[in-house]
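> I need the structure of the sequence given here:
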Amino acid sequence: MTTMPSAPKADKIVDVQGLQDQRQVAIDKVGVKNVTYPMLLKTRDGKTQQTVAKINMYVALPHHQKGTHMSRFLEVLNEHHQEPLTPDRIPEVTAAIRDRLNAETAHFEASFTYFISKPAPVTGMKGLMDYEVTFECESGVPGAISSFIIGVAAPATSLCPCSKEISEYGAHNQRCRIAARVKFEGTLWIEDLVEILESAASSPVYAVLKRPDEKYVTEAAYDNPKFVEDIIRDLALALDADDRITWYEIDSENFESIHSHNAYAQITRDKSEA
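Below you'll find the predicted structure:
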């Protein structure tokens with residue numbers, strides 16, 4: 001007759017992560033990455049939107065600690081998923097990660113697709129446009145203001161001023177990707193940032209266009225030609241004029257239609273240092 005070994009008592013389980021490390025090397029970020037997780041977001045019109053995010057969560061690890069407790073990141077995430085996750089709640093989640101893991105600093109990153117119902121410019125036909133959105137937050141000393149960044153990337157149309165000037169028949173145009181990462185005060189909706197981005201292009205793009213809409217968009221872009229430099233400068237001016245924005249990092253990439261390369265421009269500015 002054989003007997004099964006008894007399970008070890010809970011007080012006998014060694015906490016390996018909590019052991020001392022003799023190498024004396026601190027780690028800036030350690031944690032879990034690429035967690036697929038549902039997110040419920042508030043929208044500007046007072047509704048909510050369900051999406052799926054890729055989430056990264058990290059903490060700083062002191063030189064004397066061997067490892068961090070990976071399961072605790074997911075514990076915190078699970079405790080906060082019942083309510084809509086808005087930008088003002090991200091610092092709360094990040095601070096909870098810092099406290100639960102007893103760390104000096106914690107980081108939270110989420111990237112997801114956000115949909116906006118957008119009417120065509122003439123017929124008003126609605127279609128869902130998808131935008132790339134990121135939330136980034138760093139939480140340090142308890143009681144201090146957390147650093148929060150919202151990022152949005154939007155597709156748009158750019159039409160070349162040089163091509164329009166020198167060509168007898170039309171001008172070449174292409175899709176472009178305009179993106180901004182911003183720090184802000186007060187309330188800034190994803191929809192707000194999308195509108196600012198699209199206003200810097202030759203023309204926005206739409207999910208649904210009938211013939212009258214296509215005519216309007218084509219002519220609007222032709223009447224509003226912009227180099228990539230024009231797009232990024234106009235975007236910078238728009239963000240400078242918005243008192244909510246305190247810092248921004250912006251870029252635009254034109255996926256050229258007659259060249260084998262893309263055109264690119266980028267600006268970073270801290271408005272508090274202006």
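
> could you use CA atoms for every contact and neighbour count after this?
OK.

> hang on, residue 157 packs against residue 205?
Yes: counting by C-alpha atoms under 8 Å, residue 157 touches residue 205, with 6.4 Å between them.

> check for me that residue 257 belongs to a strand.
No: counting by DSSP: H, G, I helix; E, B strand; the rest coil, residue 257 is not part of a strand but coil.

> leaving out the residues flanking it, which one is nearest to it?
Using C-alpha to C-alpha, 6 or more residues apart in numbering and skipping residues adjacent in sequence, the residue nearest residue 257 is residue 174, 5.6 Å away.

> how near is the one you found to residue 213?
Distance of residue 174 to residue 213, computed by C-alpha to C-alpha, to the nearest Å: 17 Å.

> what about the strands in the stretch 101-250 of the chain?
Using DSSP state E, counting those that start in this stretch, the strands assigned to the stretch 101-250 of the chain run over residues 106-119, 126-139, 147-159, 173-184, 203-204, 245-254.

> which one of the ones you listed lies nearest to residue 47?
strand 106-119 (11.8 Å; C-alpha to C-alpha).

> may I have that closest one exported as CSV, CA atoms only?
The C-alpha trace of strand 106-119 is given here as CSV (Å, rounded to 0.1, in the frame of the first residue of the first chain):
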residue,chain,number,x,y,z
ALA,A,106,4.6,51.7,-11.8
HIS,A,107,3.7,51.9,-15.5
PHE,A,108,0.5,51.1,-17.3
GLU,A,109,0.1,50.9,-21.1
ALA,A,110,-2.9,50.0,-23.2
SER,A,111,-3.3,50.0,-26.9
PHE,A,112,-6.7,49.4,-28.6
THR,A,113,-8.9,50.2,-31.6
TYR,A,114,-11.5,52.9,-31.0
PHE,A,115,-14.5,53.3,-33.3
ILE,A,116,-16.3,56.6,-34.2
SER,A,117,-19.5,56.9,-36.2
LYS,A,118,-18.7,59.4,-38.9
PRO,A,119,-21.1,60.9,-41.4
